[in-house]
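Novice: Starting from these lines, generate the structure:
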Amino acid sequence: QTVKNKLHKLTFPQQKEEKPEKKAVEFLYIDADEDHDPVVQREEGGSGGWGEQLEENCVLAKLVYVYEGIEPESPKRHKLVNPHYFSGVYDGADNAKLWDEVYAYLDSHYDLKKVKKIYLNADGGTWIQSGKKRIAGITSVLDVFHLQKYLYFQCFHPLLLRDFFTAAVICTAVCAFLRC
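Specialist: Predicted coordinates:
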């Protein structure tokens, strides 16, 4: 079998945890992204040598992590506070399963009635936006990398305007964040 097929069939057992006491936090953060992992297959009947035509496919591994904030670890490094990770190959309707797993974790570990905001830091992909439909009260936040990427395409002179607009949007976002 191919690596792609094996990865698609791969399952991770759910960890059985004791029911923890629910934490009361004001803010929660969810980061979501995907990794395009190339899978190279040889044509059926071929030896897989360099001279044969190879077909490149891609496995889309999805990663979601939940954390309570960021704190300094050293003068130049930061670390996530109480991170919990979700990862796997989810296609189509399985995306809802991923977000249901995330919600089940949130609901079992946090008093969601006391959470003021849940921020979803991501690039705005379709599967990520579907998480907003599965978990109520999420506020989407575009990360700086994707913000700059999208501004680059909107600006006529990218070198001059991109940095100006990036600074303006970040400043506005920081001001809005500090008012919460």
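Novice: so how far does stretch 134-148 reach from one end to the other?
Specialist: 28 Å (CA to CA, to the nearest Å).
Novice: same question, stretch 105-113
Specialist: Start-to-end, stretch 105-113 (CA to CA) is 15 Å.
Novice: Please work out the average pLDDT along the top strand by length along the chain.
Specialist: Longest strand in the chain, counting residues (DSSP state E): strand 27-42. Average pLDDT, strand 27-42: 79.
Novice: Downstream of it, the next helix or strand is which one?
Specialist: Downstream of strand 27-42, the next assigned helix or strand under DSSP states H and E is strand 54-67.
Novice: Now that following strand: buried residues?
Specialist: Buried residues in strand 54-67, counting neighbours by 16 or more other CB atoms under 10 Å, are found at 59, 62, 64-67. Quick note: C-beta positions are derived from backbone N, CA and C, even for glycine.
Novice: now swap in stretch 3-10 and tell me
Specialist: Buried residues in stretch 3-10 (16+ other CB under 10 Å): K4.
Novice: from now on call the first residue 57
Specialist: Renumbered: residue one is now 57, and that last one reads stretch 59-66.
Novice: send the alpha carbons of it over as PDB?
Specialist: This file holds the C-alpha atoms of stretch 59-66, laid out as PDB (Å, rounded to 0.1, in the frame of the first residue of the first chain):
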ATOM      1  CA  VAL A  59       2.000   5.900   2.400                       C
ATOM      2  CA  LYS A  60      -1.000   8.100   1.600                       C
ATOM      3  CA  ASN A  61      -3.400   5.200   2.100                       C
ATOM      4  CA  LYS A  62      -1.700   4.200   5.400                       C
ATOM      5  CA  LEU A  63      -1.900   7.800   6.700                       C
ATOM      6  CA  HIS A  64      -5.500   8.000   5.800                       C
ATOM      7  CA  LYS A  65      -6.300   4.800   7.800                       C
ATOM      8  CA  LEU A  66      -4.200   6.000  10.700                       C
END
